[in-house]
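>>> model this:
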Amino acid sequence: QVQLQESGPGLVKPSQTLSLTCTVSGGSITSSSYAWSWIRQPPGKGLEWMGVIIYDGRTYYSPSLSPSLKSRTSISRDTSKNQFSLQLSSVTPEDTAVYYCARVENYIPGYWGQGTQVTVSS
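All right, here's what the predicted structure looks like:
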């Protein structure tokens with residue numbers, strides 16, 4: 001069974017770059033059957049899908065992201081480690097959220113990591 005685990009700093013200062021990694025076990029991120037996604041949930045708000053990376057390394061970002069957020073978001077991968085990553089630059093306190101990685105099949109995120117709390121504060 002596939003398992004996903006997020007890792008990264010819990011506290012980031014404003015204007016810095018947030019970097020999170022999702023380590024996948026029990027399945028390959030190069031499988032053409034799935035996409036690998038980052039989703040976040042700010043406090044008191046709903047889930048916000050940020051984007052995915054697919055088997056060949058192409059990335060797709062949610063059309064619902066604000067232009068500012070989209071320009072600061074980057075998803076990449078390391079196939080040798082079976083990991084994919086999220087980088088969010090120039091963070092502000094509004095980027096405080098629980099960040100999840102998930103495996104997506106047929107547009108449905110079926111397997112999720114446990115989530116990691118990221119707080120942006122000086």
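>>> spatially speaking, which residue is in the middle of the chain?
In the chain, the residue lying closest to the centroid (Cα atoms, centre = their mean) is Trp38, at 2.6 Å.
>>> tell me where the protein has strands.
3-7, 11-12, 18-25, 35-41, 48-54, 59-61, 73-78, 83-88, 97-105, 108-112, 116-120 (DSSP state E).
>>> got CSV for these, with distance to Pro67 too?
Where you see a C-beta, it was placed from the backbone N, CA and C, and this is true even at glycine. Below are those laid out as CSV (distance: least, Cβ to Cβ, whole Å):
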stretch, distance to Pro67
strand 3-7, 26
strand 11-12, 22
strand 18-25, 18
strand 35-41, 17
strand 48-54, 14
strand 59-61, 11
strand 73-78, 11
strand 83-88, 14
strand 97-105, 19
strand 108-112, 24
strand 116-120, 19
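>>> and these as CSV, adding mean pLDDT?
Formatted as CSV, the strands of the chain follow (pLDDT from 0 to 100):
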stretch, mean pLDDT
strand 3-7, 98
strand 11-12, 98
strand 18-25, 98
strand 35-41, 98
strand 48-54, 96
strand 59-61, 96
strand 73-78, 97
strand 83-88, 98
strand 97-105, 97
strand 108-112, 94
strand 116-120, 98
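>>> now stretch 24-31: buried residues?
Neighbour-count burial for stretch 24-31 flags 24, 27, 29 (criterion: 16 or more other Cβ atoms under 10 Å).
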